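[1] Coordinates only, no sequence provided:
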Ligand SMILES: [Fe+2]
């Protein structure tokens with residue numbers, strides 16, 4: 001019989017893998033962004049948060065009795081996928097990167113809302129509290145990107161038209 005706890009465990013494993021993927025995505029952006037210091041600084045801050053989130057999720061998994069090796073392997077697969085997606089350099093990569101990150105953050109918001117509800121239903125209140133800690137971090141990152149996207153696009157468009165100036169990153 002599948003229990004509410006089994007479902008929660010499965011979803012926590014997926015969230016952990018998602019954060020490993022997120023780390024790869026953000027790391028690649030921090031490495032590549034050159035001419036958009038505000039964006040790089042914000043992405044760097046969220047990279048730190050993402051690593052902390054991974055640790056919190058690992059703690060939740062341990063609490064439910066999961067073997068760390070079982071979720072590390074899944075994470076590694078997601079990370080490999082992330083690298084292959086984000087190594088692609090295009091002329092407008094800074095804008096594409098912002099779109100991808102924004103979409104990813106909005107997905108994360110939904111995932112943590114789902115996890116919080118699942119934790120509540122399973123009676124795992126510590127895990128519910130951890131989701132409530134992570135959720136506002138994802139919301140803040142998504143809101144920042146939403147707010148700064150028009151400005152980023154303006155900067156990009158202005159740089160594109162300048163001779164001898166690199167716009168792409
Ligand atoms: Fe995030």
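    Okay, I see it. What you see is a predicted model; the values in this text were computed from it and never measured.
[2] so residue 20 sits right up against residue 54, yeah?
    Yes - here residue 20 reaches residue 54: they are 6.5 Å apart, a contact under C-beta atoms under 8 Å. Every C-beta, even on glycine, is put in place using the N, C-alpha and C of the backbone.
[3] Find the residue closest to the most centrally placed residue in the chain in space, skipping its chain neighbours.
    The chain has residue 22 as the residue nearest its centroid, 3.6 Å off, counting by C-alpha atoms, centre = their mean. Nearest non-adjacent residue to residue 22, counting by C-beta to C-beta, 6 or more residues apart in numbering: residue 50, 5.1 Å away.
[4] just to revisit the earlier point, and the residue nearest to the centre of the chain, its phi and psi?
    phi -60, psi -40 (degrees, to the nearest 10).
[5] hmm, back to that, neighbour count: residue 20 and residue 54, which is higher?
    Neighbours per residue (other C-beta atoms under 10 Å) separate residue 20 from residue 54, with residue 20 holding more: 23 against 19.
[6] what helices or strands is the top helix by length along the chain leaning on?
    Counting by DSSP state H, the longest helix found in the chain is helix 125-161. Counting contacts by 3 or more C-beta pairs under 8 Å, 6 or more residues apart in numbering; DSSP states H and E, helix 125-161 packs against helix 37-63, helix 93-121.
[7] closest one to residue 166 among the ones you listed?
    helix 93-121 (10.0 Å; C-beta to C-beta).
[8] what angle separates the longest helix of the chain from helix 37-63?
    160 degrees (axes from the mean of the first three to the mean of the last three C-alpha atoms, to 10 degrees).
[9] can I get the helices and strands packed on helix 125-161 in a markdown table with mean pLDDT and distance to the ion?
    Below are these laid out as a markdown table (pLDDT from 0 to 100; distance: least, C-beta to the ion, whole Å):
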| stretch | mean pLDDT | distance to the ion |
| --- | --- | --- |
| helix 37-63 | 96 | 6 |
| helix 93-121 | 95 | 5 |
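[10] between these, which one is nearest to residue 26?
    Across the helices and strands packed on helix 125-161, closest to residue 26 is helix 37-63 (C-beta to C-beta), at 4.3 Å.
[11] for that closest one, packing partners?
    helix 4-32, helix 68-86, helix 93-121, helix 125-161.
[12] buried set for stretch 116-124?
    116, 118, 119, 122, 124 (16 or more other C-beta atoms under 10 Å).
[13] which SS state does the residue of the chain positioned farthest from its centre fall under?
    Relative to the centre of the chain, the most outlying C-alpha is that of residue 163, 34.8 Å out, by C-alpha atoms, centre = their mean. Classification of residue 163 using DSSP: H, G, I helix; E, B strand; the rest coil returns coil.
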